[in-house]
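Peer 1: Return a 3D structure for these sequence lines:
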Amino acid sequence: MIKRKMSFDFAIAILVFLLVFAFTWQLKGVKKNSEIRSRETLDRATLEKNYVDQVNKNEQLKNEIASQSEMIAAFRASAAEGDDYAAILNEKLSATEIFGGLVSVEGKGITVILDDVSPTQEMKDSGLYNNAGIVHDTNISTFINELKAAGAEAISVNDERVVAMTEVRCVGPTIMINGTRVSAPFTIKAIGNPETLESALKISGGAVETATKIYGISVTIQKSDKLYIKKYLGSTQSEYATMVKDEEGENE
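Peer 2: The predicted model follows:
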């Protein structure tokens, strides 16, 4: 009888232990699921806020560009009715807008296409560079610099106008240009003397040779009598830089 009671008490104890264990485990699961949902809610809220902020920023930039365009149009209309000095100012304004990338332009030049290539076994075994056959930000920057040095008057990458503040940097599998993510193939347009621009890229040890023989990427160059390059759509407002007089006492 005593043995039977002990066995019964032991069985009850085991059952109670299992119930307590199961209840505790269930509470942990509920807490964990709650934490996951909280993190998901937080991440979703953060993403939504970032999206709204970016939309508002883009809208502000559009308004700023529209306002500046109206001011320029008004100035030009006034200059058209003015004297020779106003005409000279208008001409300088046009040249400045082209130089700064503030207007869309067209002219003869070249188109360079940089694209990824599946790496060969030889490239993999060389060990010289990681991710051989993939276009990197340094490749694009090299081509841009060579084109500038060769006299390119306007440059764009995947329709993003290259200006003084343009950044070219890798962000994961894509590249960021003017705050916009772009991916391969990368189409670089450059307006200038086609022969000069092409020769500058194809010199021994230059941009093309480095890209193809060392990085293993694909490079295609086409000369054109007429290229169209879009204007820069980012902000042109300076927060810290202000105009100062040069050493002669005036800005030209």
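Peer 1: hmm, who's touching the one helix or strand Leu114 maps to?
Peer 2: Using DSSP states H and E, Leu114 sits within strand 105-115. Contacts of strand 105-115 with the rest of the structure, by CB atoms under 8 Å, 6 or more residues apart in numbering, involve 98, 135, 139-140, 143, 152-154, 184-194, 197-198, 201, 211, 217-229, 231. Backbone N, C-alpha and C define where each C-beta goes, glycine included.
Peer 1: would you list every one of the helices in the protein?
Peer 2: 2-80, 84-100, 121-126, 137-149, 194-202, 207-209 (DSSP state H).
Peer 1: how close does Arg181 get to Asp159?
Peer 2: Separation of Arg181 from Asp159 (CB to CB, to the nearest Å): 13 Å.
Peer 1: Same check on Ala190?
Peer 2: From Ala190 to Asp159 the distance is 13 Å (CB to CB).
Peer 1: Need the per-residue pLDDT for the nearest residue to Asp159 once chain neighbours are set aside.
Peer 2: Nearest non-adjacent residue to Asp159, counting by CB to CB, 6 or more residues apart in numbering: Lys230, 5.4 Å away. At Lys230, the model reports a pLDDT of 95.
Peer 1: give the contact list for Lys230.
Peer 2: With the criterion set at CB under 8 Å, 6+ apart, Lys230 makes contact with 104, 156, 159, 161.
Peer 1: Please name the spatially closest residue to the first one (chain neighbours excluded).
Peer 2: To tie it back to what came earlier, the one meant is Ser104. Lys231 is the one closest to Ser104 (CB to CB, 6+ apart), at 4.6 Å.
Peer 1: so how many other residues sit close to that neighbour?
Peer 2: 17 (other CB atoms under 10 Å).
Peer 1: surely it meets Asp159?
Peer 2: No. Contact criterion CB atoms under 8 Å: Lys231 and Asp159 do not qualify, at 10.4 Å.
Peer 1: re earlier: which among the contacts of Lys230 end up buried?
Peer 2: Among the contacts of Lys230, the ones that count as buried by 16 or more other CB atoms under 10 Å are 156, 161.
Peer 1: ok so, going back, write the PyMOL selection for whichever of the contacts of strand 105-115 are buried.
Peer 2: Buried residues among the contacts of strand 105-115 (16+ other CB under 10 Å), as a PyMOL selection:
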select buried, resi 98+135+139+140+143+152+153+154+184+186+187+188+189+190+191+192+193+194+197+198+201+211+217+219+227+229+231
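Peer 1: now, which of the contacts of strand 105-115 lie within strands?
Peer 2: Within these, residues falling in strands by DSSP state E are 154, 186-191, 218-229.
Peer 1: which residues touch the nearest residue to Met176 once chain neighbours are set aside?
Peer 2: In space, Met176 comes closest to Arg169 once its chain neighbours are excluded; the distance is 5.4 Å by CB to CB, 6+ apart. Arg169 sits next to 137, 175-176 when contact means CB under 8 Å, 6+ apart.
Peer 1: circling back to that earlier point, may I see the contacts of Lys230 organised as CSV, with distance to Asn56 and pLDDT added?
Peer 2: Putting the contacts of Lys230 into CSV (distance: CB to CB, whole Å; pLDDT from 0 to 100) gives the following:
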residue, distance to Asn56, pLDDT
Ser104, 26, 94
Ser156, 26, 97
Asp159, 24, 96
Arg161, 23, 95
